[in-house]
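**Q** Predicted model and sequence below, questions to follow.
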Amino acid sequence: MPIAQALYSPWLFWDGRADSLWAQALGPIENPREHGFTRTEVARVVSTQYRTFYDALFGALPDLSDHRRFPLRASPNGTARDRAAWIAMRASDRQIVNRIFANSGKAIAAYERTLALLPTRFDRFVAGLIDAGPAAPLSASEDAGLRLFVGKGRCTLCHSGPMFSNQGFANTGVPPRHGFPSDLGRLTGAKQAQSDPFNCRGAFSDARNAGCAELDFIVTGDPLLTRAYKVPSLRGAGQRAPYMHAGQFATLERVVVHYDRAPRAVRGTSELKPLHLKPREQRDLITFLRTLDTPGILGSKP
């Protein structure tokens, strides 16, 4: 999902296991399938390459030069050796590293918040309707697709508002991807968000008495959360293949077929019902979705 849109979501990752932009930014850094750094490595890079900036933003950076206190590779989420090195550290030193790590995520999030969404053809169409810009009518197929989107297709039950997402989670019966680890979606993600030391109520959060309502009233343990995944924004969806939480579908056409057929979920309960769309209606719906593409990217229309 695009970084520029993440700002508007109270939960990050497909299962919502992070409750802020800065907490989400930390996950890929330690993930062995992504950057694969350890927490002490991050702290050391900040110390050696960004000390001046860090001191100006967050206060004086502690001395990390003693490798006995701060091993080159130590992390609660790394290899067995990395984890053992992390456990061997003093609790106060782990706290120092965690603070630097958290502040690194906040710096990344501050940059991500500057990334703006570009207006789409649909935005110009809406602006023309409300006299906020020149007329930009949709084609007959796009207009038909819009009517399906808000009507027979039932898309706005989840994909509503200016971001085309209700920011919730839904089980849509998408099958698991062969060879991938077992995944229960939001059922697991909600509990991970609660236990995350970098969440809104954690020691490294800048939130005070307010601002953590999403975490305070989080729903956990509900069977309906089984294999429920974040409802993504549809802005730019036509440019973001493959689709669904593990890239199960290669094309928008395949996504629409899935929603039209509404197969039963392999785990939990799917919220879909068959739509019985005709082939022409499916094509019109996809044509409308293309009006949400970002101009100038991957050959989209200006």
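**A** Looks like it came in fine. Numbering: from 1, shown residues only.
**Q** Show the contacting residues for the residue nearest to residue 12 when sequence neighbours are not counted.
**A** Distances taken as Cβ to Cβ, 6 or more residues apart in numbering place residue 24 nearest to residue 12, at 3.6 Å, with adjacent residues excluded. (C-beta placed from N, C-alpha, C; glycine too.) Shown in contact with residue 24 (Cβ atoms under 8 Å, 6 or more residues apart in numbering): 6, 12-13, 18, 105, 109.
**Q** Contact partners for residue 96?
**A** 43, 62, 64, 70.
**Q** could you redo the last one with a cut-off of 10 Å?
**A** 40, 43, 61-64, 69-70, 89-90 (Cβ atoms under 10 Å, 6 or more residues apart in numbering).
**Q** List the buried residues in the helix or strand hosting it.
**A** Using DSSP states H and E, the element containing residue 96 is helix 91-112. For helix 91-112, the neighbour count (16 or more other Cβ atoms under 10 Å) marks 93-94, 96-109, 112 as buried.
**Q** And it, how far out from the chain middle?
**A** 20 Å (Cα atoms, centre = their mean, to the nearest Å).
**Q** Just the CA coordinates for it, please, in CSV.
**A** Taking Å, rounded to 0.1, in the frame of the first residue of the first chain, the C-alpha atoms of helix 91-112 are listed here in CSV:
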residue,chain,number,x,y,z
ALA,A,91,18.0,-3.5,30.8
SER,A,92,19.0,0.1,31.0
ASP,A,93,21.2,-0.3,27.8
ARG,A,94,18.3,-2.0,26.0
GLN,A,95,16.2,1.0,27.0
ILE,A,96,18.8,3.4,25.5
VAL,A,97,18.8,1.4,22.2
ASN,A,98,15.0,1.2,22.1
ARG,A,99,14.7,5.0,22.6
ILE,A,100,17.0,5.6,19.6
PHE,A,101,15.2,3.0,17.6
ALA,A,102,11.8,4.6,18.3
ASN,A,103,13.1,8.1,17.5
SER,A,104,14.4,6.7,14.2
GLY,A,105,10.9,5.6,13.3
LYS,A,106,9.5,9.0,14.2
ALA,A,107,12.0,10.7,11.9
ILE,A,108,11.0,8.4,9.0
ALA,A,109,7.3,9.0,9.8
ALA,A,110,7.9,12.8,9.8
TYR,A,111,9.2,12.5,6.2
GLU,A,112,6.4,10.2,5.1
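**Q** Who are the packing partners of the helix or strand just after that helix?
**A** Toward the C-terminus, helix 91-112 is succeeded by helix 121-129 as the next helix or strand (DSSP H and E). Judged by 3 or more Cβ pairs under 10 Å, 6 or more residues apart in numbering; DSSP states H and E, the packing partners of helix 121-129 are helix 140-150.
**Q** circling back to that earlier point, would you write a ChimeraX line that selects the buried entries of the contacts of residue 96?
**A** In ChimeraX, this line selects whichever of the contacts of residue 96 come out buried by 16+ other Cβ under 10 Å:
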select :40,43,61,64,69,70,89
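**Q** Restricted to helices, list the contacts of residue 96.
**A** The members of these that map onto helices under DSSP state H are 40, 43.
**Q** In strands, which of the contacts of residue 96 appear?
**A** Secondary structure assignment (DSSP state E) places none of these within strands.
**Q** export the contacts of residue 96 to TSV and tack on pLDDT and distance to residue 254?
**A** Below are the contacts of residue 96 laid out as TSV (pLDDT from 0 to 100; distance: Cβ to Cβ, whole Å):
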residue	pLDDT	distance to residue 254
40	98	44
43	98	44
61	96	50
62	94	52
63	94	55
64	96	49
69	96	53
70	97	49
89	98	48
90	98	53
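**Q** Any chance of the contacts of residue 96 in CSV with distance to residue 185 as columns?
**A** Listed next are these as CSV, based on distance: Cβ to Cβ, whole Å:
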residue, distance to residue 185
40, 32
43, 32
61, 39
62, 39
63, 43
64, 38
69, 40
70, 37
89, 34
90, 37
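**Q** Closest to residue 117 out of the contacts of residue 96?
**A** residue 43 (33.2 Å; Cβ to Cβ).
**Q** Could you measure from the closest residue in space to the closest one that isn't next to it in sequence over to residue 54?
**A** Leaving aside its chain neighbours, residue 43 sits nearest to residue 100 (4.2 Å; criterion: Cβ to Cβ, 6+ apart). Per Cβ to Cβ, to the nearest Å, residue 100 is found 8 Å from residue 54.
**Q** Right, I'll leave it there.
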